[in-house]
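K.L.:
Here is the input, now give the coordinates:
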Amino acid sequence: MPVTREKVEKFKKGEIKLAEVFDIDARQVAALLMTGHNLYAQGRMEDAQKIFEGLAVLDSQNPYVHGILGSIYQKQENYDAAVDRYSTAVGIFPQDINSLTNRGEIYLKQGKFQQAAGDFKSAIDLDPDQKHPAANRARLLVTLTQEALKLAKEKGVEAVLEVKRKIDQQSANA
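P.N.:
The predicted structure is shown next:
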């Protein structure tokens, strides 16, 4: 079905998604999500990025899309773009433990300790049963950071650098 002025007006008012303007149905969006996820899982970041960037336009209120884009950008070390996407995901769905933990991890690497602590606390608070892998990673990063601060006080900078290596290693394994 063609794009109509009525659909464009509804889109402008926020009544429909862009996908609906182009008559892309939920099954087609789901197929794109699955394809993008499979490419991501295979490590084909550039291909997955293209699909998820398109989905971010078509389905702009989907926190999963923004979270995956954040992960792609984080793996590409495009930290500003990653933080932006994680922030969008959390803005849409404040209980997004993965995006909170990942954004906190970037903040930690950037030395933005207050922001990192806030994100880690939120992720941890959302997982009181300690079952969510990302919340458990947040717990580990908090512990490692506390260890670094304690070591810095007791043994100096070289000890902190050793803990930083552990944090970086943990991040690389995530």
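K.L.:
okay, CA-based contacts and neighbour counts for the rest of this
P.N.:
OK.
K.L.:
Wait, L144 touches Q169, no?
P.N.:
No. Counting by C-alpha atoms under 8 Å, L144 does not reach Q169; the two are 11.5 Å apart.
K.L.:
And these two? Which one has more around it.
P.N.:
Taking other C-alpha atoms under 10 Å, L144 and Q169 do not tie; L144 has more neighbours (18 against 11).
K.L.:
Which helix or strand contains the more buried one?
P.N.:
Element membership of L144 [criterion: DSSP states H and E] is helix 133-155.
K.L.:
and that helix, which residues are buried?
P.N.:
Buried residues in helix 133-155, counted by 16 or more other C-alpha atoms under 10 Å: 134-139, 141-142, 144-145, 148-149, 151-152.
K.L.:
Now do the contacts for Y73.
P.N.:
Y79, A81, A82 (C-alpha atoms under 8 Å, 6 or more residues apart in numbering).
K.L.:
in this protein, which spans are helices?
P.N.:
Counting by DSSP state H, the chain has helices at residues 5-12, 18-21, 26-41, 45-58, 63-75, 79-92, 97-109, 113-125, 133-155, 157-173.
K.L.:
Could I get those helices in a markdown table, plus columns for mean pLDDT?
P.N.:
Compiled in a markdown table, the helices of the chain are given as follows (pLDDT from 0 to 100):
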| stretch | mean pLDDT |
| --- | --- |
| helix 5-12 | 77 |
| helix 18-21 | 71 |
| helix 26-41 | 91 |
| helix 45-58 | 93 |
| helix 63-75 | 97 |
| helix 79-92 | 98 |
| helix 97-109 | 96 |
| helix 113-125 | 95 |
| helix 133-155 | 87 |
| helix 157-173 | 73 |
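K.L.:
K75 and Q49, how far apart?
P.N.:
In this view, K75 and Q49 are 11 Å apart by C-alpha to C-alpha, to the nearest Å.
K.L.:
So which of the two has more stuff around it?
P.N.:
Using other C-alpha under 10 Å, the more surrounded residue of K75 and Q49 is Q49, with 21 against 14.
K.L.:
Touching, the more buried one and L69? I think so.
P.N.:
Yes. In terms of C-alpha under 8 Å, Q49 counts as a neighbour of L69; the distance is 6.6 Å.
K.L.:
Can you check which residues contact both of the two?
P.N.:
The overlap between the contact sets of Q49 and L69 (C-alpha under 8 Å, 6+ apart) is empty.
K.L.:
Neighbour-wise, which one of the contacts of Y73 leads?
P.N.:
Highest neighbour count within those, by other C-alpha under 10 Å: A82, with 26 neighbours.
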